[in-house]
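1. how does the following fold in three dimensions:
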Amino acid sequence: MEKRERFASRLGFLLISAGCAIGLGNVWRFPYITGRYGGAAFVVLYLIFLVILGMPVMVMEFAVGRASQKSCARSFERLEPKGSKWHWYKWMGFGGCYLLMMFYTSVSGWMLSYIVKNAAGTFEGLDSAAVSDVFSTMLANPAEQVGWMLVSVAIGFAICSLGLQNGVERITKWMMACLFLIMIVLCVRSVTLEGAGEGLKFYLVPDFGKMFEGATLGEKLTNFGEAVYAAMGQSFFTLSLGISAMAIFGSYIGKERRLTGEALSIGVLDTTVALMAGLIIFPACSAFGVDPGEGPSLVFITLPSVFNQMWGGRLWGALFFLFMSCAALSTVIAVFENLISFSMDQWNWSRKKAVAVNGVAVTLLSLPCALGPSLLSFVSLPAIGDIQSIEDFLVSNNILPLGSLVYLVFCVSKRGWGWDNFIAEADEGSGVRFPRWARGYLTWGLPVLILVILVMGYVPKVQAWLGLA
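-> This next block holds a predicted model:
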């Protein structure tokens, strides 16, 4: 078995972990749900839940990984009490990573294709309906869908094949540097557009009254409840918690620094990208009279129309989708590394074999989603949707909250790893200590919040299935 690699630097660990967390949820989902639920007031709620909901679970994943020095394939076996079955979870984590990549590789391919389309001037002179047709035509073309999915898979596994330091760490550093540089350029361009001021005000000045809009008290409370749930969900899902994606990076680091400070640093990077994405999108939407709460179509239909109206729109559009591609591929590379490390730990494979086997498996398993809008368009579930929606639902509404609950209970329960062991690992080294006073909240309060996320994800589905929606 090959000797386990380590990160060459702390910066590499922070950027790769942040790269795993920074994905399409930050730059695709965050802006439009912020637009839908009240702008700056929603951002405040999101930040609160990020600290009380996401950060503790991230520290726990890091602690399990670092203490065991293994991926989830062996981490629970090393730390669990003798005779317990916590290690059964590894198959859920492994399967969750696969499910995530089964649709994420296709969406990453969309981002890559839009770099080319913008650079080639595909959208020049088109009205909004014609821009929408470009997206629909792309989805309906099986060859284009599969082709760009294969490019996404090839890039990810090619980088991972070079090893942790020489491939994943070295290239992710450059990718994240490009991501931030492009974002800064796009932010400056967006906020200096004529008419951008209203968008900035909406995004940066909290108005909690927007969350309580409605004619009756019931409508006001319903709207506020939806905003709170959306903030909880976004703060939770944005960090890629629950599928052991963060635990693997904990296993690659030493014990020089406490894990709470590292998690906070990664949370700051993740949130900075999400906030900067809003600084790009909201001023641009304001300048050109576009509703920022339009949903997923905002990125692929609305924004190309916005860039089309800007001076140098071909350049700005290409740069925007290059930034989106960097965000998507940083997650792809991180999760691929998780799959590879799991295979090396579980079956004693070499990195070369792990890359080859997982590369073929991910490619084959990604085909249904790539073909979902065209040849497999007949596959759909009521109240959930097409193949991509089904795979997303399984990951986001089931495996992420259940997996996070496993890590949480494992770290606080005497029947698991236990609170004392967790605290000792989290606080080893220098830096910010984990708040010991929060044990009661972590034992009783946080599990309830996670269960609320799990249950609320099913409420609209069940209502639709029962014909109540």
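2. can we go C-alpha only for contacts and neighbour counts from here?
-> Will do.
3. show me the shaky parts of the chain.
-> 1-4, 215, 292-296, 469 (pLDDT under 70).
4. which residues in it form strands?
-> Ranges of strands in the chain, per DSSP state E: none exist.
5. I'd like to know how far the closest residue to Phe307 other than its chain neighbours sits from Val306.
-> In space, and not counting its chain neighbours, Phe307 is closest to Gly313: 4.5 Å by Cα to Cα, 6 or more residues apart in numbering. Distance of Gly313 to Val306, given as Cα to Cα, to the nearest Å: 8 Å.
6. for Ala263, same thing?
-> Taking Cα to Cα, one finds Ala263 at 36 Å from Val306.
7. so the two - more neighbours on which side?
-> Neighbours per residue, other Cα atoms under 10 Å: of Ala263 and Val306, the larger number sits with Ala263, 24 against 19.
8. looking at it, that one is touching Gly54, isn't it?
-> No - using Cα atoms under 8 Å as the test, Ala263 is too far from Gly54 to be in contact (9.6 Å).
9. residues near the residue nearest to Phe307, how many?
-> Gly313: 20 neighbours (other Cα under 10 Å).
10. try Lys353
-> Lys353: 15 neighbours (other Cα under 10 Å).
11. over to Met176?
-> Met176 has 20 nearby residues by other Cα under 10 Å.
12. so it touches Ser325, yeah?
-> No - using Cα under 8 Å, Met176 is not in contact with Ser325, being 10.9 Å away.
13. max-length helix in the chain?
-> helix 313-347 (DSSP state H).
14. and it, what does it pack onto?
-> When contacts are defined as 3 or more Cα pairs under 8 Å, 6 or more residues apart in numbering; DSSP states H and E, helix 313-347 packs onto helix 10-21, helix 24, helix 90-119, helix 142-161, helix 170-191, helix 303-309, helix 351-371.
15. what's the offset of that helix from the middle of its chain?
-> Centroid separation for helix 313-347 versus its chain: 11 Å, with Cα atoms, centre = their mean, to the nearest Å.
16. how about that helix: buried residues?
-> Residues of helix 313-347 classed as buried: 313-345 (neighbour count, 16 or more other Cα atoms under 10 Å).
17. how about CSV for the helices and strands packed on helix 313-347, with distance to Gln69 added?
-> Formatted as CSV, these follow (distance: least, Cα to Cα, whole Å):
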stretch, distance to Gln69
helix 10-21, 14
helix 24, 29
helix 90-119, 15
helix 142-161, 19
helix 170-191, 21
helix 303-309, 44
helix 351-371, 17
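18. and of the ones you listed, who's closest to Thr238?
-> helix 10-21 (6.0 Å; Cα to Cα).
19. continuing past that closest one, what's the next helix or strand?
-> Once helix 10-21 ends, the next helix or strand along the chain (criterion: DSSP states H and E) is helix 24.
20. for that following helix, name the packing helices and strands.
-> Looks like helix 24 contacts helix 313-347 (3+ Cα pairs under 8 Å, 6+ apart).
21. having no further points to raise, I will conclude here.
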